[in-house]
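Peer 1: Give the three-dimensional model of this entry:
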Amino acid sequence: MISRFRVVLCAALLSLFVVLERPCLAVNDLSPESFLQEYRNAIKQSQIANRNIQLEGILSRTIFRNNEQKISEEQKRVLYAANQGREKIMFHVGKPDDAEGYAERVFVLGCDRNFLLGRSSPQGNFQVLEIIADSNRKRSQLANDLAFTADLTNSLSGIPLLQMIESKNFKVIEIKQNVIGNHHFVRVEFDYRPNAYEDAELEGGVFRGWMLVDPERNWVVREYEYKATSAKSPDVVPTYTGAIRYKIEEDGTPLPEEATCIMKYVQSNGETEIMRLEYHFQAERLSTDPIPDSEFTLAAYGLGDFEQPPGAPTNTLPYWAFGFAAVALGISVVLKRMARQA
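Peer 2: Just a heads-up that it's a prediction; the model follows:
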């Protein structure tokens, strides 16, 4: 006779087995509307989590023409730091011992004072190359490099995910579960047709493809592929594919550790490859530790200590005190003169 305890134990083990075998049961029931709501929240949480982030690694780009003819290959070291909307972006090109080929650029954006610095050797002094008036415009000029480094978790080869899924011109075609090994993912097929208001550069384009997201890692994108067709260039059809591997922080924040993105340009007949660009990013250091405000100033590069950290409140009490004293002195002088005249 089976004891009551054994019956309860067997039932518990059976229920556990069912749960383990079907961890994504809810995913199968996701409608496009419920998925989009989940995904919007996940991206916003990711953007909040990545407001304090540091990453350093190597970004390489190789260009091929006519299938396998390599015409260009370059590498650059990228250092990126963000602190509550402020950004520091550093690019190193060339080897430190190469006097002619080495170049270093530092962009500081999103601050009270935005600037571009440069130097031609690791031992040289930084020089101010530009005081940047429009921080957003300058960042858009760096979008190509940032798309494959700092913006990996929030874009598909440069198309901002939040912009895309919040658009009324974004459509979810199909959602289904995808199992790779023992891990359950969600494959989302989509169609996106941005207008000029959303993105003037992408206006008129049709972006259709799929992305593989990880519901256990705050819905981060693990893989994607899409084609982009446009009336502006009907003879060429670009295809974008990407794969991203993450490092998971102790608090659960996923940080991009390695990524490969390929941009393939094919004639509209689908037979002739015109050009292919391959990007690869390998992180060497990732952190969510807070960054001092002073790191976003000219003083951090030995170019003056007159600045306060960006966004730091200015203490105006001495000026108010001086102003009140001056006013009081003026009033006392006037009163003395009126007394004498009386």
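Peer 1: Do me a favour and average the pLDDT over stretch 105-121.
Peer 2: Per-region confidence: stretch 105-121 scores 93 on mean pLDDT.
Peer 1: in that stretch, what counts as buried?
Peer 2: Residues of stretch 105-121 classed as buried under the neighbour-count rule (16 or more other C-beta atoms under 10 Å) are 105-111, 114-117, 119. All C-beta spots, glycine's among them, are computed from the backbone N, C-alpha and C.
Peer 1: again with stretch 63-82
Peer 2: 64, 76-82.
Peer 1: circling back: which of the buried residues of stretch 105-121 sit farthest apart?
Peer 2: G110 and R119 (22.4 Å; C-beta to C-beta).
Peer 1: Quick one: residues contacting the residue most central in space within the chain.
Peer 2: Taking C-alpha atoms, centre = their mean, the centroid of the chain lies closest to D151, which sits 2.2 Å from it. Counting by C-beta atoms under 8 Å, 6 or more residues apart in numbering, D151 makes contact with 143, 158, 160.
Peer 1: how far away is it from E56?
Peer 2: Look at D151 and E56: by C-beta to C-beta, to the nearest Å, they are 16 Å apart.
Peer 1: Kindly report the same for R40.
Peer 2: Distance check for R40 against E56: by C-beta to C-beta, it reads 30 Å.
Peer 1: Equivalent analysis for P290, please.
Peer 2: To E56, P290 is 17 Å away according to C-beta to C-beta.
Peer 1: and the two? which has more neighbours close in?
Peer 2: Counted by other C-beta atoms under 10 Å, P290 and E56 do not tie: E56 has more neighbours, with 17 against 10.
Peer 1: Within the helices and strands, which one has that one?
Peer 2: E56 is part of strand 52-65 when elements are defined by DSSP states H and E.
Peer 1: partners of that strand, with directions?
Peer 2: Using DSSP bridges, the strands paired with strand 52-65 in its sheet are strand 69-83 (antiparallel), strand 273-287 (antiparallel).
Peer 1: Could you identify the helix or strand that succeeds the first one?
Peer 2: Following strand 69-83 in sequence order, the next helix or strand is strand 86-93 (DSSP H and E).
Peer 1: And the helices in this structure?
Peer 2: Using DSSP state H, the helices found in the chain span residues 4-21, 25-28, 32-49, 135-141, 143-146, 161-165, 317-341.
Peer 1: in the fifth one, what's buried?
Peer 2: Of the residues in helix 143-146, those scored as buried under the neighbour-count criterion (16+ other C-beta under 10 Å) are 145-146.
Peer 1: Please apply the same query to the fourth one.
Peer 2: Buried residues in helix 135-141, counting neighbours by 16+ other C-beta under 10 Å, are found at 135, 138-139.
Peer 1: Residues in contact with that helix: which ones?
Peer 2: Residues from elsewhere that reach helix 135-141 (C-beta under 8 Å, 6+ apart): 87, 107, 109-111, 114, 116, 132, 146.
Peer 1: cool, the third one as well?
Peer 2: Helix 32-49 is touched from outside by 30, 153-154, 161-162, 165-166, 171-172, 175, 186, 188, 213, 218-220, 251, 253-254, 288, with contacts defined as C-beta under 8 Å, 6+ apart.
Peer 1: And those, which of them are buried?
Peer 2: Among the contacts of helix 32-49, those classed as buried by 16+ other C-beta under 10 Å are 30, 153-154, 161, 165, 172, 175, 186, 188, 213, 218-220, 253-254, 288.
Peer 1: Give me the subset of those that lies in strands.
Peer 2: Using DSSP state E, the subset of the buried ones among the contacts of helix 32-49 located in strands is 172, 175, 186, 188, 213, 220, 254.
Peer 1: which ones are touching A231?
Peer 2: Residues near A231 by C-beta under 8 Å, 6+ apart: G204.
Peer 1: Please disregard the earlier target; I meant P234.
Peer 2: P234 sits in contact with S268, where contact means C-beta under 8 Å, 6+ apart.
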